[in-house]
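Participant: After the sequence you'll find the predicted model.
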Amino acid sequence: MSKKPLNIGMIGYGFMGRAHSNAYCKVGNFFDLEYEPILKAVCARNEEKARDFANNWGYESVETDWRALLARDDIDAVDICTPNNLHREIALAAAEAGKMILCEKPLSMNVEEGEEMCQAVESAGVPNMVWYNYRRVPAVTLAKQLLDEGRLGKIFHYRAAFLQDWTISAELPQGGEALWRLDVDAAGSGVTGDLLAHCIDTALWLNGSIQDVSAMTETFIKERVHSLTGEVQKVGIDDACAFMCRFQNGSLGTFESTRYARGHKALYTFEINGENASIAWDLHDLHRLSYFDHSDDSVVRGWRSVHVTDGDMPYMDKWWVPGLQIGYEHSFVHQVADFIQGISDGKPANPTFRDALETQKVCDAVLKSAADRQWENV
Ligand code: SOE
């Protein structure tokens with residue numbers, strides 16, 4: 001069956017631009033879908049770099065102004081891979097132009113912007129999704145299935161951490177192409193929006209709404225040279241953040257994130273403890289799900305390490321043969337596949353902008369709680 005084209009216009013070409021482009025290239029080879037992504041155009045201010053990116057990934061054309069990209073009739077879906085401070089403006093214009101939108105996480109700089117973005121895509125009626133990719137790691141999707149089947153029983157605890165160590169040096173500048181995540185004007189926040197947002201998105205999906213939070217943040221290095229101005233400027237982002245919370249289902253949550261955990265490059269972990277069973281997952285071993293079932297015979301009871309590679313496990317029938325694992329990049333392929341399937345079914349793939357706004361609300365409450373040193377309702 002010949003597939004219908006889904007013409008993609010990518011804005012930005014950083015690390016996420018690569019991850020998403022790879023997903024568009026691969027999805028049609030592994031998933032049987034009605035639409036095939038076509039890499040129509042990549043857009044970035046630096047034309048030479050955009051052209052190199054286009055040549056490497058096979059984009060047909062290059063734009064240097066995102067408004068020109070949005071004005072094109074041959075673009076169906078816009079992928080926003082820019083720093084966070086551009087998400088809102090581009091998304092509003094893309095919705096007005098009637099384009100489908102795939103937006104990099106976090107949705108926005110804050111809840112107000114996020115609300116506007118939700119209203120824009122909903123009144124335009126355009127399919128929309130935010131790239132919280134870890135939902136589509138098969139072991140994480142399996143955790144969701146086990147929870148939905150009620151295997152854990154009543155949930156008591158949810159704990160998650162996302163640890164990195166790449167900003168420990170005081171010599172590291174802030175701002176500019178590679179380091180915008182350190183610049184509050186471009187990023188909105190530090191680890192809260194960049195890393196904890198992933199943990200919060202997964203938690204809301206697996207364990208339901210969060211009621212209230214009590215948080216602390218720290219900025220360990222108070223001033224850094226700005227890459228663009230060359231001047232020493234105050235650092236406005238949070239370098240580390242920890243918070244506790246109550247979920248609507250009565251369970252307690254503890255979350256921690258930092259870029260100052262020497263030895264950890266990208267250690268995302270979560271553990272859920274229920275009345276009957278517990279689940280744990282670790283990004284460094286992403287194809288495994290740890291599972292403890294209290295109903296096992298006591299003589300063999302213990303933590304199992306489930307190798308999530310069999311054909312009856314989420315997404316795994318699309319890949320190799322049982323026992324052969326997949327990796328980080330596949331979570332993006334799965335997300336594109338679900339997005340395309342959602343277009344065919346008329347059922348939006350999650351997380352939509354509206355779903356991602358819930359994560360934004362928790363992030364804003366966390367930052368406010370830390371600033372005010374008190375519990376904050378979400
Ligand atoms: C930051 O280093 C980062 O690349 C995040 O921006 C991503 O969202 C996360 O998945 C990995 O770490």
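Facilitator: Nice, thanks for sending it over.

Participant: could you pull out the helices for the chain?
Facilitator: In the chain, the helices defined using DSSP state H lie at 15-30, 47-57, 66-71, 87-96, 111-124, 138-148, 184-187, 191, 197-207, 328-345, 353-372.

Participant: Could you identify which of these is most buried?
Facilitator: Mean neighbour count (mean count of other C-beta atoms under 10 Å) peaks for helix 191 among these, with a mean of 27. Where C-beta positions appear, they are placed from N, C-alpha and C, glycine not excepted.

Participant: Show me what that one is in contact with.
Facilitator: The list of residues contacting helix 191 from outside it, by C-beta atoms under 8 Å, 6 or more residues apart in numbering, reads Phe162, Gln164, Ile237, Asp238, Asp239, Ala240, Cys241, Ser257, Thr258, Arg259.

Participant: Let's see which of those residues end up in strands.
Facilitator: Phe162, Ala240, Cys241, Ser257, Thr258 (DSSP state E).

Participant: export the helices of the chain to CSV and tack on distance to Gly253?
Facilitator: Listed next are these as CSV, based on distance: least, C-beta to C-beta, whole Å:
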stretch, distance to Gly253
helix 15-30, 27
helix 47-57, 39
helix 66-71, 37
helix 87-96, 26
helix 111-124, 20
helix 138-148, 14
helix 184-187, 24
helix 191, 17
helix 197-207, 7
helix 328-345, 23
helix 353-372, 10
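
Participant: domains for the chain, by residue range?
Facilitator: Domain assignment for the chain, taken from automatic domain parsing, gives 4-133, 134-377.

Participant: quick one: terminal-to-terminal distance for the shortest one?
Facilitator: Just to be clear, that refers to domain 4-133. 25 Å (C-alpha to C-alpha, to the nearest Å).

Participant: So what's the gap between that domain and the chain middle?
Facilitator: Relative to its chain's centre, domain 4-133 lies at 15 Å (C-alpha atoms, centre = their mean, to the nearest Å).

Participant: Just list the residues touching the residue in the stretch 51-200 of the chain that the ligand sits nearest to, thanks.
Facilitator: For the stretch 51-200 of the chain and the ligand, the shortest gap (C-beta to the nearest ligand atom) falls at Asp194, measuring 4.8 Å. Residues in contact with Asp194 (C-beta under 8 Å, 6+ apart) are Pro106, Arg181, Ala187.

Participant: same thing but at 10 Å, please
Facilitator: 84, 105-106, 162, 164, 181-182, 187-188, 237-238, 257, 259, 363 (C-beta atoms under 10 Å, 6 or more residues apart in numbering).

Participant: next one: His284
Facilitator: Neighbours of His284 in contact, by C-beta under 10 Å, 6+ apart: His264, Lys265, Ala266, Leu267, Tyr268, Thr269.

Participant: Would you mind confirming that Glu89 makes contact with Trp66?
Facilitator: Yes - using C-beta atoms under 10 Å, Glu89 makes contact with Trp66 at a distance of 8.8 Å.

Participant: okay, and the common contacts of those two?
Facilitator: Ile80, Thr82.

Participant: Look up the closest residue to the spatially most central residue of the chain, ignoring the ones flanking it.
Facilitator: Closest residue to the average C-alpha location of the chain: Tyr132 at 2.4 Å, with C-alpha atoms, centre = their mean. Sequence neighbours aside, Asp201 is the residue nearest to Tyr132 in space, at 4.1 Å (criterion: C-beta to C-beta, 6 or more residues apart in numbering).

Participant: Now do the one you found against Asn133, distance only.
Facilitator: Asp201 sits 10 Å away from Asn133 when distances are taken as C-beta to C-beta, to the nearest Å.

Participant: Name the residues contacting each of the two.
Facilitator: Lys105.

Participant: Quick check on the residue located most distally from the centre of the chain: phi, psi?
Facilitator: What lies farthest from the middle of the chain is Val299; by C-alpha atoms, centre = their mean that is 40.4 Å. Backbone torsions of Val299, given as degrees, to the nearest 10, read phi -70, psi -20.

Participant: OK, contacts around Ile221?
Facilitator: Going by C-beta under 10 Å, 6+ apart, Ile221 touches Thr167, Ile168, Ser169, Ala170, Glu171, Leu172, Gln174, Leu182, Val235, Asp239, Tyr260.

Participant: now with 6 Å?
Facilitator: Residues near Ile221 by C-beta atoms under 6 Å, 6 or more residues apart in numbering: Ala170, Val235.
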